[in-house]
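[1] I would like to see how this sequence folds:
(one chain, ligands or ions: 1)
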Amino acid sequence: MKEATRFEPPESVAGAPFWAATRDRRFVLPWCVACGRPHWFPRDLCPHCLATELEWREASGRGRVYSVSVMAKAANPAMAGREPYAVALVDLAEGVRMMTNVVGIAPDEVTVGAPVTVTWERLGDGRHLPLFRPSTAPGTMDSPAPPGASSRSNA
Ligand SMILES: [Zn+2]
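    You can find the predicted model right below:
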């Protein structure tokens with residue numbers, strides 16, 4: 001098996017603050033100042049109300065698996081050597097859904113509804129990619145942090 005590599009996402013202008021925060025392993029989400037809702041992915045305007053005044057807030061880093069697929073064969077050549085791996089949609093406590101990988105568990109043991117916590121993989125350019133691992137304390141998702149609360153997880 002060849003050495004595992006990693007697909008490194010390109011950085012958009014709208015997503016630059018997100019990636020800047022990942023250099024310090026800080027997990028932030030874009031929030032709309034006008035309607036007070038978060039969204040994902042980063043973009044120039046709020047997908048709910050089209051306002052353009054957005055701000056970045058610390059996110060809890062906690063969520064639950066909404067769906068999961070096990071990739072037996074790398075769909076992207078840059079992921080060769082990592083298979084099998086779990087590609088998941090994770091519903092974050094803040095209410096947005098993110099595509100990611102679940103790590104730290106056998107891919108076929110990732111279950112829908114499982115609580116997960118953000119963890120980081122360092123990229124070649126100093127950014128970090130947010131991945132998710134099973135939460136060590138089940139049920140911590142039941143009382144999500146209030147908007148703006150700083151609940152950093154640098155595990
Ligand atoms: Zn809005």
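
[2] quick one: the most centrally placed residue in the chain from Cys49, how far?
    By Cα atoms, centre = their mean, the chain has its centre lying nearest to Pro130, at 4.7 Å. Per Cβ to Cβ, to the nearest Å, Pro130 is found 26 Å from Cys49. From N, CA and C alone the C-beta is placed, and that goes for glycine too.

[3] what parts of the chain come near the ion?
    32, 34-35, 46, 48-49, 51 (Cβ under 5 Å from the ion).

[4] if we go to 8 Å?
    Contact residues (Cβ under 8 Å from the ion) of the chain with the ion: 32-37, 39, 46-51.

[5] in PyMOL, how would I select the buried members of those residues?
    Selection of buried members from those for PyMOL, criterion 16 or more other Cβ atoms under 10 Å:
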select buried, resi 32+37+39+46
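
[6] which one of the residues of the chain next to the ion is nearest Thr22?
    His39 (17.7 Å; Cβ to Cβ).

[7] wait, the closest one sits on Cys46?
    Yes. Counting by Cβ atoms under 8 Å, His39 touches Cys46, with 6.4 Å between them.

[8] intersection of neighbour lists for those two?
    Cys32 (Cβ atoms under 8 Å, 6 or more residues apart in numbering).

[9] domains in this structure, as residue ranges please.
    Using automatic domain parsing, the domain parsing of the chain gives 12-59, 60-137.

[10] so where's the longest strand in the protein?
    strand 62-71 (DSSP state E).

[11] buried residues, whatever helix or strand comes next after that one. List them.
    Scanning forward in sequence from strand 62-71 by DSSP states H and E, the next helix or strand is strand 85-92. In terms of neighbour count (16+ other Cβ under 10 Å), strand 85-92 has its buried residues at 85-88, 90-92.

[12] residue boundaries of the helices in this protein?
    Along the chain, counting by DSSP state H, helices occupy 16-22.

[13] how about low-confidence regions in it?
    The chain contains residues with pLDDT under 70 at 1-4, 137-155.
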